[in-house]
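# What shape does this take:
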Amino acid sequence: MVIVTLQRDKCIGCNYCAEFAPEFFRMSKKDGKSVLLKTIDKKGFYTLKTPNAEAYEPCDKAAKACPVKIISVKVI
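Just a heads-up that it's a prediction; the model follows:
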């Protein structure tokens, strides 16, 4: 199980996440911030839980590229 969390409120709209993991991230046309697709929002933290192990590598690259470090990726 791969768990990806995005703290969207702190997003600066750099677009790295959408470049490295386009199947999981998009940039909002409304406010220019990142959107983690198919997520649940809990107090500004958007979380995606997927059994797809292939999600780890692109999401981890996105997390490492993020200049404000608002993306976390865990494997459980």
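# which residue sits closest to residue 74, ignoring its sequence neighbours?
Nearest residue to residue 74, sequence neighbours excluded (CB to CB, 6 or more residues apart in numbering): residue 3, at 4.6 Å. C-beta: built from backbone N, CA, C; applies to glycine.
# quick one: that neighbour and residue 76 touch, right?
Yes. The criterion here is CB atoms under 8 Å, and residue 3 meets it with residue 76 at 6.5 Å.
# neighbour count winner among these two?
Counted by other CB atoms under 10 Å, residue 3 and residue 76 do not tie: residue 3 has more neighbours, with 16 against 6.
# The helix or strand hosting the more buried one pairs with which strands, and in what direction?
Take DSSP states H and E as the rule and residue 3 turns out to sit in strand 2-7. Take DSSP bridges as the rule and strand 2-7 pairs in its sheet with strand 45-50 (antiparallel), strand 71-75 (antiparallel).
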